[in-house]
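Peer 1: my questions concern the predicted model and sequence given below.
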Amino acid sequence: MSKITILGAGHVGSHCAYALAQPMFCDEIVLVDQDRDKAVAQALDVTDSLSFAPRAAVVRAGDYSDVVDSDIVCCAIGEARKPGQTRLDMMDRSVEMCDELIGQLRPYPIRGILISITNPCDIIADYLRKNLKMDWHRIFGTGTLLDTARLIRALSLRAGVARSSIQAFSMGEHGDSSMIPFSAIRIGGKPFAECGLSREELLEDTRQSGMTIIEGKKSTEFGIGRAFAEMAACILRDEKRVLPASVLLDGQYGQRDLHAGVPCRIGRNGIEEIIELPLDTAEKAQFDKSCEIIRGHIRRAEEIGHPEGRG
């Protein structure tokens with residue numbers, strides 16, 4: 001029996017639950033929120049969608065103690081990004097909410113794997129790892145997984161090739177400094193350089209898609225919900241797929257002591273290997289620049305954080 005607990009039952013958390021439930025990635029899905037009525041309502045709504053499915057997961061509201069026997073815990077707390085607001089602009093409030101969450105989780109050890117979605121993703125993943133004192137391979141963020149989904153969508157549209165025939169990654173910050181290692185892209189087996197596509201347009205599309213969605217409908221939810229579900233499936237099924245994740249770097253790509261989005265092999269034990277792509281000189285400089293932005297905000301998070309408790 002597999003169990004996933006989602007902390008935060010807002011737009012993102014509820015759509016993670018829905019994405020997990022539809023193909024029944026796991027047996028039990030638990031939604032936890034400070035507003036218990038919301039968690040109950042979201043769980044009931046997701047459950048109603050399963051009445052005509054061949055098999056139905058148990059979807060219910062729970063409490064923080066549910067993390068103890070969960071295979072995966074998803075941190076989806078936080079406020080929705082507003083039009084014109086970068087993910088980094090959300091940091092102060094996200095750190096404050098994480099401090100409250102850390103206090104709530106203190107009596108309940110997380111024995112499974114924690115995946116953080118909360119923005120700014122890289123900084124919050126790093127903050128939670130340090131203050132929950134979990135092994136690096138068991139706590140990481142979705143990072144540039146959603147950026148990669150947007151990149152593959154953009155490549156497919158421009159090249160006229162099925163998404164399943166495209167290999168590509170977005171790396172670095174899940175945010176405005178994300179970068180694309182174009183030298184590693186393969187479209188239908190062909191190198192990117194042979195496909196006649198604009199690097200500038202693809203980078204702009206990948207970085208700005210989230211804001212386009214927010215300006216149009218006030219929140220993103222479907223894309224990240226599915227991205228999280230795919231990552232969770234890698235773990236529960238021990239698939240050992242290579243997906244980008246915001247993971248602690250310890251010398252890979254010449255970086256240390258920060259979380260950044262890089263390709264990883266993911267399986268039952270979480271991050272099983274960090275894949276180092278052979279970046280060219282320009283790509284390495286872009287990745288380093290993105291990491292410096294992350295590192296600066298990690299320092300600020302440590303300055304403003306109060307993981308021992310607030311109030």
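Peer 2: Done, it's in. Numbers count the residues shown, from 1 in each chain.
Peer 1: for stretch 47-66, measure first residue to last.
Peer 2: 19 Å (C-alpha to C-alpha, to the nearest Å).
Peer 1: contacting residues around residue 84?
Peer 2: residue 211 (C-beta atoms under 8 Å, 6 or more residues apart in numbering). Where C-beta positions appear, they are placed from N, C-alpha and C, glycine not excepted.
Peer 1: now it, what's its secondary structure?
Peer 2: The assignment at residue 84 comes out as coil when based on DSSP: H, G, I helix; E, B strand; the rest coil.
Peer 1: check it and give its pLDDT.
Peer 2: According to the predicted model, the pLDDT of residue 84 comes to 79.
Peer 1: in the helix-or-strand element of the chain with minimal mean pLDDT, what's buried?
Peer 2: Averaged element by element with mean pLDDT, DSSP states H and E, the chain has its least confident helix or strand at helix 199-217 (a mean of 92). Within helix 199-217, the residues that count as buried by 16 or more other C-beta atoms under 10 Å are 202, 203, 205, 206, 207, 209, 210, 211, 213, 214.
Peer 1: do the same with stretch 86-101
Peer 2: 87, 88, 90, 91, 94, 95, 97, 98, 99, 100, 101.
Peer 1: repeat that for stretch 32-45.
Peer 2: 32, 33, 38, 39, 40, 41, 42, 43.
Peer 1: out of those residues, which comes closest to residue 160?
Peer 2: Closest approach between those and residue 160, by C-beta to C-beta: residue 42, at 38.7 Å.
Peer 1: wait, isn't that closest one in contact with residue 13?
Peer 2: Yes - at 7.5 Å, residue 42 counts as touching residue 13 under the criterion of C-beta atoms under 8 Å.
Peer 1: so what's in contact with these two at the same time?
Peer 2: With C-beta under 8 Å, 6+ apart as the test, residue 42 and residue 13 both reach 31, 33.
Peer 1: pull out the buried residues from the top strand by length along the chain.
Peer 2: Taking DSSP state E as the criterion, the chain has its longest strand at strand 256-267. Neighbour counts using 16+ other C-beta under 10 Å place 258, 259, 260, 261, 262, 263, 264, 265, 266, 267 of strand 256-267 among the buried residues.
Peer 1: partner residues bridging the fifth one?
Peer 2: It refers to residue 262. residue 245 (DSSP bridges).
Peer 1: do a quick rundown of the helices in the stretch 151-300 of the chain.
Peer 2: 199-217, 222-236, 281-304 (DSSP state H, counting those that start in this stretch).
Peer 1: ok, and what's touching the longest one?
Peer 2: Going back to what we said before, that points to helix 281-304. Applying C-beta under 8 Å, 6+ apart, the external contacts of helix 281-304 come out as 88, 91-92, 95, 120, 122-124, 126-127, 171-173, 175, 177-179, 181-183, 249, 253-255, 257-260, 279.
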